[in-house]
Every structure is written in structure tokens, then in C-alpha cells.
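[1] Sequence plus predicted model, see below.
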Amino acid sequence: MLGFTLALAMAVTAVPVRKVLIIGIDGLRSDAFRLASTPNLDSLKRDGALTEHAVTDVVARSGPGWTSVLTGVWGWKHGVKDNGFGGYRAGEYPSFLERAAEARPGLVAGAVVNWKPIGVNLFGRHGFWIAPGDDGAVAEEAAALIGRGIPDILFVHFDGVDHAGHTFGFSPKIPFYLWAVEKIDGYVGDLTKAVRARTDEEWLILVTSDHGGHFRHHGDNVPTDRTVFLLANGPGCSRARPTGYRGVVDVAPTAFAFLGLPVDPRWQWDGRPLGYTAVPLPAGEAVAAALDK
Ligand SMILES: [Zn+2]
């Protein structure tokens with residue numbers, strides 16, 4: 001009886017494991033993100049924090065953009081200027097998943113990507129990555145990994161919207177571009193379902209993009225190319241709609257706040273959490289960090 005009571009008490013008081021899913025929709029302009037018919041994204045928006053005025057890297061291309069998302073710093077620090085990832089200062093500015101694994105040994109981070117260079121360059125040093133082919137396969141593999149309880153932090157990358165933009169134009173006025181967004185929304189639904197089935201875990205879902213575009217092009221320092229969105233949805237998340245300056249570099253600090261991990265100022269992260277409050281560094285470490293800076 002005592003054993004049963006203890007087991008029951010443990011089951012009741014057990015703290016659910018906190019995990020993070022980052023959904024990256026390549027090449028999605030903020031206005032198309034708002035205007036497309038996306039029931040799954042809409043329900044995440046409704047119950048979460050959202051900005052439709054986030055900026056991506058000054059070089060609005062996938063290499064610099066995804067590196068800013070995953071390292072928490074802007075391009076003048078991480079050094080990636082194009083899709084070749086040449087100049088990436090990985091030692092100084094590793095991915096935030098690497099930082100999380102240092103803070104919490106045993107943490108498993110990985111990526112399922114359509115665009116392989118993200119895996120090679122940002123997950124090569126730490127964690128696993130797979131590139132199973134098209135967006136449908138990406139969604140399927142990612143949902144399977146979540147279902148098996150494997151990753152603690154998972155980055156999922158879809159490429160169909162960027163492809164539609166390069167083919168027909170980056171604009172909410174282009175039906176094919178909007179349709180591509182709506183198709184990804186179906187995959188977002190699959191991933192959300194996989195996450196919700198993990199009832200003994202608490203998941204933060206973050207959704208963002210690496211750049212927008214204009215005509216059939218992107219890469220310029222103009223609002224159409226640089227304005228993206230950031231959506232956070234998870235237990236305890238506020239329904240904030242901040243109107244001030246926000247950026248894709250807010251992804252890393254948001255994940256850290258949700259995981260209860262402090263951000264060390266020596267990492268020089270450029271963003272701040274969306275929908276959550278940052279965890280302060282323990283006093284002793286804060287003094288050491290200040291002296292070290
Ligand atoms: Zn592109």
C-alpha cells in the first residue's frame with residue numbers, strides 16, 4: 001500500500017518534461033502568413049504570442065537567416081553572408097541547441113530539414129539531422145521522431161513556400177504562393193497533433209521564417225524581404241502582440257526561457273523572449289560573466 005501511495009504521489013507531482021519544436025517556413029512573408037487560409041497556424045496564433053513585424057538578417061537569404069534563428073545573434077557576429085555558410089564563426093557563436101545541451105547534459109537536439117545545408121552547417125557539430133526529401137517527408141519524419149519521444153529540441157524546415165516564391169512571385173497577391181502556405185499549414189497540423197499526443201510532456205511550438213521576398217527574388221535590405229513573423233505557443237505563454245522591434249534572434253532566448261535556462265551574457269545573444277520571462281543568471285555566475293565580458 002505504501003509503495004502504491006508513493007508511486008501515486010510521484011505520478012501526481014512529476015514535473016512534465018519540457019520540449020521545444022521550432023517550425024521554420026522558408027521564404028514566408030509576414031503579410032502572406034497573415035492572409036493565407038491556415039486553420040492550424042491560426043489556432044496556434046490564437047493561444048500564443050505573436051509578432052508580424054519581426055525582422056530577419058540584413059542579408060535576407062536562407063544561410064544568414066537560419067543562422068540568426070539558430071544562433072541567437074545577427075550576421076555581423078555569426079559571419080554567415082550567403083548560402084555557402086563560408087565565414088561562419090561556429091566556435092564563438094554555436095547554435096543555441098549546443099548551448100542547451102551544455103546546460104543540460106543528455107538533452108537531445110536535432111533537425112529534419114528540406115534544405116540540407118542547415119543540417120550540415122548548424123547541426124553538424126552537435127545533435128542529429130536528417131534531410132528526407134520533400135516537405136511531406138519532412139513532416140512525416142518529424143512527427144515520427146516526436147511520437148517516439150526522441151528529441152528535446154527539434155527544428156523542422158519546410159521549403160515549399162520559398163520554392164513557390166521563386167517560381168511565381170513572393171506576394172500575398174499570387175494565389176500559388178498563398179496555396180503553398182496553406183499546404184505547409186497542413187503539415188503544421190500534423191506536427192501539432194504529434195506534440196499534443198505526448199501528454200506527459202510540455203511543448204513550446206515556435207514558428208518563424210528566414211526571409212520574405214519581392215517579385216521572384218529576395219536578399220535585399222527592404223521591408224518585403226526582411227519582414228517576417230514569430231509565433232510562440234506553449235504552456236504559460238502570454239498572448240502578447242508586441243508592436244516594437246522584434247527579430248528572428250528572439251527564437252533562442254524564447255526557447256531558453258521556456259526550458260528554464262538562463263542566458264549567459266558572454267554569448268552576446270541579440271534577442272529577448274517572446275511570451276515568456278527570461279530566467280535570471282544565478283548571482284555568482286552573473287558577477288563572473290560581468291567581470292569576464
Ligand atoms: Zn529563396
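    Right, received. Where do you want to start? Owing to the predicted nature of the structure, the values given are computational and were not obtained by experimental measurement.
[2] And what about the residue of the chain found nearest the ion, helix, strand or coil?
    In the chain, the residue that lies nearest the ion is Asp162 (4.2 Å; C-beta to the ion). (C-beta placed from N, C-alpha, C; glycine too.) Reducing the assignment at Asp162 to three states with DSSP: H, G, I helix; E, B strand; the rest coil gives helix.
[3] need the contact list for the residue lying closest to it once chain neighbours are set aside.
    In this structure, Asp162 finds its nearest non-sequential neighbour in Gly27, 2.9 Å apart by C-beta to C-beta, 6 or more residues apart in numbering. Gly27 sits next to 62, 159, 161-163, 165-166, 170, 209-213, 218 when contact means C-beta atoms under 8 Å, 6 or more residues apart in numbering.
[4] What subset of the residues you listed is buried?
    Neighbour counting by 16 or more other C-beta atoms under 10 Å classes 62, 159, 161-163, 165, 170, 209-213, 218 among these as buried.
[5] doesn't Arg18 fall inside a helix?
    No: per three-state DSSP, Arg18 lies outside any helix segment and is strand.
[6] what does this structure have sitting close to the ion?
    Gly27, Asp162 (C-beta under 5 Å from the ion).
[7] 6 Å - rerun?
    Gly27, Ser62, Asp162, His166, His218 (C-beta under 6 Å from the ion).
[8] What helix or strand is the fourth one located in?
    Taking DSSP states H and E as the criterion, His166 maps to helix 160-168.
[9] And for Lys45?
    helix 39-46.
[10] Next, the buried residues of that helix.
    In helix 39-46, counting by 16+ other C-beta under 10 Å, buried: Asn40, Leu41, Leu44, Lys45.
[11] cool, stretch 68-76 as well?
    Residues Ser68, Val69, Leu70, Thr71, Gly72, Val73, Trp74, Gly75 are the ones in stretch 68-76 that count as buried (16+ other C-beta under 10 Å).
[12] The closest residue to the fifth one other than its chain neighbours sits in which helix or strand?
    Once its chain neighbours are removed from consideration, Gly72 has its nearest residue in Ala252; the separation is 3.2 Å (C-beta to C-beta, 6+ apart). Under DSSP H and E, the secondary-structure element containing Ala252 is helix 251-259.
[13] That helix: what's the following helix or strand?
    helix 283-292.
[14] Restrict that next one to CA atoms and write it as PDB.
    Extracted in PDB, the C-alpha atoms of helix 283-292 (Å, rounded to 0.1, in the frame of the first residue of the first chain):
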ATOM      1  CA  ALA A 283      24.100  35.700  -8.700                       C
ATOM      2  CA  GLY A 284      27.600  34.200  -8.600                       C
ATOM      3  CA  GLU A 285      27.500  33.500 -12.300                       C
ATOM      4  CA  ALA A 286      26.200  36.900 -13.200                       C
ATOM      5  CA  VAL A 287      29.200  38.500 -11.400                       C
ATOM      6  CA  ALA A 288      31.600  36.200 -13.100                       C
ATOM      7  CA  ALA A 289      30.000  37.000 -16.500                       C
ATOM      8  CA  ALA A 290      30.200  40.700 -15.900                       C
ATOM      9  CA  LEU A 291      33.900  40.500 -14.900                       C
ATOM     10  CA  ASP A 292      34.600  38.300 -17.900                       C
END
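[15] contacting residues for Ala111?
    By C-beta under 8 Å, 6+ apart, the contact set of Ala111 is Ile118, Gly119, Leu122, Phe123, Gly127, Phe128, Trp129, Ile130, Leu154, Phe155, Val156, His157.
[16] buried stuff in the longest helix belonging to the chain?
    In the chain, with assignment by DSSP state H, the single longest helix is helix 175-196. Neighbour counts over helix 175-196 (16+ other C-beta under 10 Å) mark 177-181, 183-185, 187-192, 194-195 as buried.
[17] and what of stretch 230-238?
    Leu230, Leu231, Ala232, Asn233, Gly234, Cys237.
[18] Double-check the fourth one against Asp47; I have them as touching.
    Yes: here Asn233 lies in contact with Asp47, judged by C-beta atoms under 8 Å, at a distance of 5.8 Å.
[19] Give the residues shared as contacts by these two.
    With C-beta under 8 Å, 6+ apart, Asn233 and Asp47 have no common neighbours.
[20] okay, now the residue lying closest to Gly84 once chain neighbours are set aside: neighbour count?
    Excluding its sequence neighbours, the residue lying closest to Gly84 (C-beta to C-beta, 6+ apart) is Gly63, at 6.8 Å. If you count neighbours by other C-beta atoms under 10 Å, Gly63 ends up with 26.
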